[in-house]
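Novice: Predicted coordinates and the sequence they were generated for:
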Amino acid sequence: MVLAVTRALPVSASASASASASVVKRMGGAMPCRDGNTGRERFVALFTKGNQRAGSSSGRSFASSAHSSKPTTQQHSGGNATPPTIHITNGIQLSLGVAAFLAADSSLKAACKHFEVTFPSPLVGMFGIFTGLTTLSAVGAEPASAAIVAACKPALSWIQRYLPLFFVPALVVLPIAAQAIAPEDLAKVAGIVLVGMPFSLYVTAGLVAGIRAVTNVSVLPVPAVPPLPPFTAMHGAVTLGFTLAGLACAMANDAQLSNVADSLRSSLGMLGISATPDSVRHIGKSLFLLGTTVGGLLVGSGVCPSALRRILPHPVLVTALAANAGCAFLGAMTGDGYWPTLSSYLTKGKDGAPLGPGDVLMGFLGCVVLSFGFHIYGQRALLFRHAAEVLGCAAGSALISLLATCAAGRAVGLPPDVSLAIAPRAVTVALAMPIAEQIGAPVDLIPVCATAVVLTGLLGAASVQRLLDLGRIVDPVTRGLSTAGSCHGLGTAALAAKEPNALPFCALAYGLIGVAASCWAAVPQVQAALQMLAGKEAPATTTSR
């Protein structure tokens, strides 16, 4: 739980002041009140009033009260640091919340497997959380739903803060996935993704605008959600510490590792945990690679010199590049080489291989999807108001993307099977792979499907905000729906990091578009249409006499 430890670290006074100043600026500046109160006191009063309304049916996101509580405490205390007991309490609540999310995700997976439910279990949980909280509010038990949200608030904030980490492992191992495609076909796939992602973005935005014109639903102002506290040098110091510890462990000789293994066996033997020099070395390598991944997120998020900050690309790209650099460095230092080290980053336990740091990070993906249920609940008033747009764009965007991708693949000369494999490029990878099989893609081309999905997410993470601004798409409803409809999880993570207002709509469309695409892929007529567009000949049928 290294990430949980860094999440519980106190935010520096300067960082808090900077965050507070940015919020005051958005609220129109700190003007003196009629009763003589200073702008600072007025700022505190506004935040206090927001806290009193937390959990109400106004549709305000839970994150608003989550982030506003810190400035309020510090302002009332005259800028004094929060007592250590508060940090300990927050750390315990955070750890329990994250553990509860992990347990819920594991239980849902087991239940869906037992009852042979093929629909992804995290999405079942996401809709279940939203439905449950909404039902409690509808029957007059809103205090109960507010208490549940408050109990989960630290874990929800932690998940949102580290959101890019949980999607990035698939991007880190992209060089391995790309090897499954012929070079000439890879260039064509990249071209389709390069054109297809903006196409899906603007088509989804057009669908939202068209449905809104028919339903005549106006967009109401969305309450501003203060940004999450920034990462600080303290987070960097902690990350550097466990990264160096992992490197030292990975570079130690067998005799030194035997001593460490003996110590672990003596202290953890009662828990049934065994340790060998090889297992300790693997833990050290994984800890180092995890540290370089987290460090990439910190650097990409601004924990670096200002001169470097101005030239860095999107944090998601920096994170993926840092993890790859870590694999290259570790491979050179240990003699394992780059490719074997990269292969150990994300193994999924295949052929009995030990899990790598990428597996650990992707293990939180279910928790991420579950957390979306709370975000959706926080903006339920807006979501109910725009239900036609959400449902309409999910169904329309999913079908248009599937059809257009198959047609584009045939137009550029891709083999039909490859065109079918990349058809669900705009759907989250957990659903894209079974969809590709449903519509006729061979099993051995499923890695190609994953590659197209990751490339789409990478392009979206790097450019979705600029493309939305270029298209003059300004309201968070359309921005959120369009992002989820064109670049799924990675795009959602990138947009949510800077535009929390759009996250509920991203989350809902992220799930619904996957559901819609799965439903379309199960329709025989749609399967036949996709195969025809891709240029795949229908199987010959024999007529009986």
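Specialist: Received, thanks. Residues are numbered from 1 along each chain as shown.
Novice: only C-alpha atoms for contact and neighbour calcs from this point on.
Specialist: Fine.
Novice: so where's the longest helix in the chain?
Specialist: The longest helix of the chain (DSSP state H) is helix 183-215.
Novice: The helix or strand that comes right after that one - what's its average pLDDT?
Specialist: Sequence-wise, the next helix or strand downstream of helix 183-215 (DSSP states H and E) is helix 233-251. Here helix 233-251 scores 95 as its mean pLDDT.
Novice: Check which residues of helix 233-251 are buried.
Specialist: 235-236, 238-240, 242-247, 249-251 (16 or more other C-alpha atoms under 10 Å).
Novice: same thing with stretch 90-98?
Specialist: By 16+ other C-alpha under 10 Å, the buried positions in stretch 90-98 come out as 90, 91, 93, 94, 95, 96, 97, 98.
Novice: Please identify which helix or strand holds the fourth one.
Specialist: Using DSSP H and E, residue 94 maps to helix 84-114.
Novice: you'd agree residue 510 is up against residue 490?
Specialist: No: between residue 510 and residue 490 there is no contact under C-alpha atoms under 8 Å: 10.5 Å.
Novice: show me what contacts residue 93?
Specialist: For residue 93, the contact set (C-alpha atoms under 8 Å, 6 or more residues apart in numbering) comprises 151, 154, 155.
Novice: what would the residues you listed look like in a markdown table with secondary structure?
Specialist: Shown next, in a markdown table, are the contacts of residue 93 (DSSP: H, G, I helix; E, B strand; the rest coil):
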| residue | secondary structure |
| --- | --- |
| 151 | helix |
| 154 | helix |
| 155 | helix |
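Novice: Buried ones only from the residues you listed, please, as a ChimeraX command.
Specialist: The following ChimeraX line selects those of the contacts of residue 93 that are buried, judged by 16+ other C-alpha under 10 Å:
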select :154,155
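Novice: could I get the contacts of residue 93 as CSV with pLDDT?
Specialist: Shown next, in CSV, are the contacts of residue 93 (pLDDT from 0 to 100):
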residue, pLDDT
151, 94
154, 93
155, 95
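Novice: which of the contacts of residue 93 lies closest to residue 418?
Specialist: Using C-alpha to C-alpha, residue 155 comes nearest to residue 418 of the contacts of residue 93, at 40.3 Å.
Novice: farthest pair in the buried residues of stretch 90-98?
Specialist: 90 and 98, at 12.1 Å, using C-alpha to C-alpha across those.
Novice: Give me the common contacts of those two.
Specialist: Common neighbours of residue 90 and residue 98 (C-alpha under 8 Å, 6+ apart) do not exist.
Novice: Dump stretch 109-125 to CSV, restricted to CA.
Specialist: What follows is stretch 109-125, C-alpha atoms only, in CSV (Å, rounded to 0.1, in the frame of the first residue of the first chain):
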residue,chain,number,x,y,z
LYS,A,109,-15.7,-11.4,-9.9
ALA,A,110,-16.3,-14.7,-8.0
ALA,A,111,-20.1,-14.2,-8.0
CYS,A,112,-20.2,-13.5,-11.7
LYS,A,113,-18.0,-16.5,-12.4
HIS,A,114,-20.2,-18.7,-10.2
PHE,A,115,-23.4,-17.6,-11.9
GLU,A,116,-21.8,-17.7,-15.4
VAL,A,117,-22.4,-14.0,-15.9
THR,A,118,-20.3,-12.9,-18.9
PHE,A,119,-20.8,-9.2,-18.4
PRO,A,120,-17.7,-7.6,-16.7
SER,A,121,-18.2,-7.7,-13.0
PRO,A,122,-16.9,-4.2,-12.2
LEU,A,123,-19.5,-2.7,-14.5
VAL,A,124,-22.1,-4.7,-12.7
GLY,A,125,-20.8,-3.3,-9.4
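Novice: List of residues touching that stretch?
Specialist: Applying C-alpha under 8 Å, 6+ apart, the contact partners of stretch 109-125 are 105, 108, 366, 367, 369, 370, 373, 430, 431, 511.
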